[in-house]
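[1] Predicted model follows, preceded by the sequence.
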Amino acid sequence: MKAVSIYSHGGPEVLCYEEIPRPRHKAGEVLVRVHAAGVNPIDWKIREGQLHTLLHHTFPLVLGWDVSGVVEKVGPDTKRLRIGDEVFSKPDITRDGAYAEFIVIKESEVALKPVSIDHVHAAALPLAGLTAWQALFETAGLEAGQRILIHAAAGGVGNIAVQLAKWKGAHVIGTSSAKNHDFLRRLGVDQVVDHETERFETVVAPVDVVLDTIGGDTQTRSLKVLKPGASLSRSSTRLPPSSRPPTRCGRASFSPSQTPASWRNSPV
């Protein structure tokens with residue numbers, strides 16, 4: 001199968017577009033044909049070796065741990081999934097990822113893809129969605145009727161957090177640039193703050209929860225709008241991955257026209 005692998009830590013130049021053996025599934029696992037793979041900050045952090053003391057990967061390593069696709073094969077002891085099921089997942093980050101045509105995933109880490117979204121959108125959801133859910137409910141304990149300030153509310157984590165907070169019944173305040181204000185209002189944001197022209201701490205009444213994906217000065221200023229005993233939930237997702245293409249390694253020699261469309265348009 002075709003895949004993007006790394007053989008050492010480093011910059012974008014260590015990415016290798018090559019032909020590798022198709023992975024084999026075992027009991028309790030499924031083989032998924034990848035239709036789309038998401039790109040997240042964790043990918044380039046692992047590629048650069050920033051997490052090598054926590055995650056002891058072996059090389060070669062396939063990156064990418066947001067995926068949507070179709071179950072190709074099922075192993076013994078699988079109970080929920082069947083061949084042909086459309087699924088999405090955030091697989092075990094210690095194993096090979098989804099920058100490939102196929103990936104093996106534990107059945108316990110796989111969910112059926114919602115029929116209302118396509119594979120590209122489904123592949124953009126797992127990590128961002130889990131980040132938003134855990135920040136709002138497991139860390140901050142957001143409840144109906146509370147007021148929450150969401151920074152970068154139009155971003156990948158932010159816009160999901162907005163929808164979850166509205167679903168919970170919270171009063172949502174979101175910061176963004178002016179170009180995204182209409183988008184946030186369509187999502188249900190109750191008060192939109194232009195971070196380019198307004199100091200949010202001067203226009204936002206005290207809140208029960210702040211979700212901050214920006215950090216730095218924004219995080220410090222957020223303390224000014226928190227009620228006594230309120231929660232500041234933080235998530236570091238600030239730096240974008242490089243857009244440089246992978247190197248073609250090994251015996252593979254592929255033209256861009258042979259690259260799956262979902263790779264060329266993967267959600268970021």
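    In hand now; what should we look at?

[2] For the host helix or strand of Ile148, name the packing helices and strands.
    Under the criterion of DSSP states H and E, Ile148 resides in strand 147-150. Counting by 3 or more C-beta pairs under 8 Å, 6 or more residues apart in numbering; DSSP states H and E, the packing neighbours recorded for strand 147-150 are helix 156-168, strand 171-176, strand 207-212. From N, CA and C alone the C-beta is placed, and that goes for glycine too.

[3] who's in contact with the second one?
    Yep, that's strand 171-176 we're talking about. Strand 171-176 is contacted from outside by 145-154, 158, 162, 165-166, 183-184, 188-195, 200, 204, 207, using C-beta atoms under 8 Å, 6 or more residues apart in numbering.

[4] repeat for the last one
    Counting by C-beta under 8 Å, 6+ apart, the neighbours of strand 207-212 from elsewhere in the structure are 132, 135-136, 140, 142, 146-151, 157-158, 161, 170, 173, 218-219, 222, 225-227, 230-235.

[5] cool, and the first one?
    Residues from elsewhere that reach helix 156-168 (C-beta under 8 Å, 6+ apart): 124-125, 128-129, 131-133, 135-137, 142-144, 148, 150-153, 172, 174, 176, 183-184, 187-189, 211, 213, 235, 237.

[6] Please repeat the previous calculation with a cut-off of 7 Å.
    128-129, 131-133, 135-136, 142, 144, 148, 150, 152-153, 172, 174, 184, 187-189, 211, 213, 235, 237 (C-beta atoms under 7 Å, 6 or more residues apart in numbering).

[7] So which of these are in strands?
    Ile148, Ile150, Val172, Gly174, Leu211 (DSSP state E).

[8] so which of the residues you listed is the most crowded?
    Ile150 (33 neighbours; other C-beta atoms under 10 Å).

[9] isn't Asp92 right up against Ser108?
    No - with contact defined as C-beta atoms under 7 Å, Asp92 does not reach Ser108; the gap is 9.6 Å.

[10] How about the contacts made by Arg47?
    Arg47 touches Ile6, His9, Val14, Leu63, counting by C-beta under 7 Å, 6+ apart.

[11] my read is it is in a strand, agree?
    No - secondary structure of Arg47 (DSSP: H, G, I helix; E, B strand; the rest coil): helix, not part of a strand.

[12] Could you check how far it is from Val209?
    33 Å (C-beta to C-beta, to the nearest Å).

[13] So His181 belongs to a helix, correct?
    Yes - according to three-state DSSP, His181 belongs to a helix.

[14] Would you check how far apart it and Ala36 are?
    His181 is 29 Å from Ala36, by C-beta to C-beta.

[15] could you pull out the helices for the stretch 51-200 of the chain?
    Ranges of helices within the stretch 51-200 of the chain are 119-123, 126-133, 156-168, 181-187, 200-203, based on DSSP state H, counting those that start in this stretch.
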